[in-house]
Structures are given as C-alpha cells and as structure tokens.
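[1] Just the structure for this:
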Amino acid sequence: MTERDDRLPRGLYDLRNLFGDKWVPAIVVALRAGPLRRVEILSTVNSYFIDENWTDKQPVLHDSILARTLKKMRMQGLVIRERSTKSFPPEVEYSLNPAVAEALDAAEPLIAWTRAHPDLLARAQTHSRENDSHGGHSDEDGDDARPSRPA
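    Just a heads-up that it's a prediction; the model follows:
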C-alpha cells in the first residue's frame, strides 16, 4: 500500500480514536447547540436513544463516567471547559472546540449514507444484538470459530 493509499485507513482510524469512545458522539451532539453545564449534558445525553437498534440494553450515562469522559475530551482538545465567576458558586460550562463543530457538519453526508442503506444497517444491528444475547459468540459461518483449548 502506498503512502497515498494509507491516508484513508489512517484517517478513518484517527476519526474512530477521536470520536469512538462510547459517549463522545452523544456529548458532542449535546454541545452542538451551545455551552452546557455538566448536569445539562448528563440529562441531554440520557434522553437520547443511542443504542436502541444495536443492543437490547439501554445504556445510561452516569455522572462519574461523564466527568471522566469530559476530562479526556478536554485533554484531547475536543471540548473547552470554562469557569464563570459571575455566580456563586462558580459555574462550569463545556463547549465544543470549533473544529469539532466543523467535523459534525462534515459528518452529515455519512449520516445520510446510513439512512440511504437501512438494509445494511439493519443487518449489522441484528448481528450485534444476536452477539450480545449469545455472549459475543457466533458460529453461523464458522468465521468466528475459536481454536479449542487442550483438555
């Protein structure tokens, strides 16, 4: 593979590593409309049905996980944390780095692509749910077969 060919997979993995954490996409979307306090982010994210077609379990974002995720996102430069001393106690708000807002706009064609291919998405979602219910094992094609352990 040439360096030019490497750009696409590297770029896709870069995107996955930036936005692939379980809660990052929902947090980014919550902040798209403007700065929010942590409790507002928590409430907004928990109002989304993010995994409803991928798993039978509805995930819930807990405050401790949100705090860790926001810290990681801040360290990566995805969000900006601002402390306002206009009130007591001081309020902390989070907002998107403008480059991340730009990435959301750039993602719209990919989101449209998922809507244009509901059959492919449905098949992947069914497979994901079946793997969840079978403990992550699938033997349908033998592709997922694991080597047996010696007795």
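
[2] Can you tell me the closest non-neighbouring residue to the residue nearest to the spatial centre of the chain?
    The residue lying closest to the centre of the chain (C-alpha atoms, centre = their mean) is Pro25, at 3.7 Å. Of all residues not flanking Pro25 in the chain, Phe19 sits nearest, at 5.8 Å (C-beta to C-beta, 6 or more residues apart in numbering). Heads up, the C-betas are built off the backbone N, CA and C, glycines and all.

[3] Please save the CA atoms from the helix or strand that Leu121 is a member of in CSV.
    Per DSSP states H and E: Leu121 is located in helix 118-133. This file holds the C-alpha atoms of helix 118-133, laid out as CSV (Å, rounded to 0.1, in the frame of the first residue of the first chain):
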residue,chain,number,x,y,z
PRO,A,118,-31.2,0.8,6.0
ASP,A,119,-30.9,-2.8,5.0
LEU,A,120,-27.1,-2.9,5.6
LEU,A,121,-27.5,-1.1,8.9
ALA,A,122,-30.4,-3.4,10.0
ARG,A,123,-28.3,-6.5,9.2
ALA,A,124,-25.3,-5.1,11.2
GLN,A,125,-27.6,-4.2,14.1
THR,A,126,-29.2,-7.6,14.1
HIS,A,127,-25.8,-9.3,14.2
SER,A,128,-24.8,-7.0,17.1
ARG,A,129,-27.9,-7.8,19.1
GLU,A,130,-27.5,-11.6,18.5
ASN,A,131,-23.9,-11.5,19.6
ASP,A,132,-24.9,-9.6,22.7
SER,A,133,-27.5,-12.3,23.5
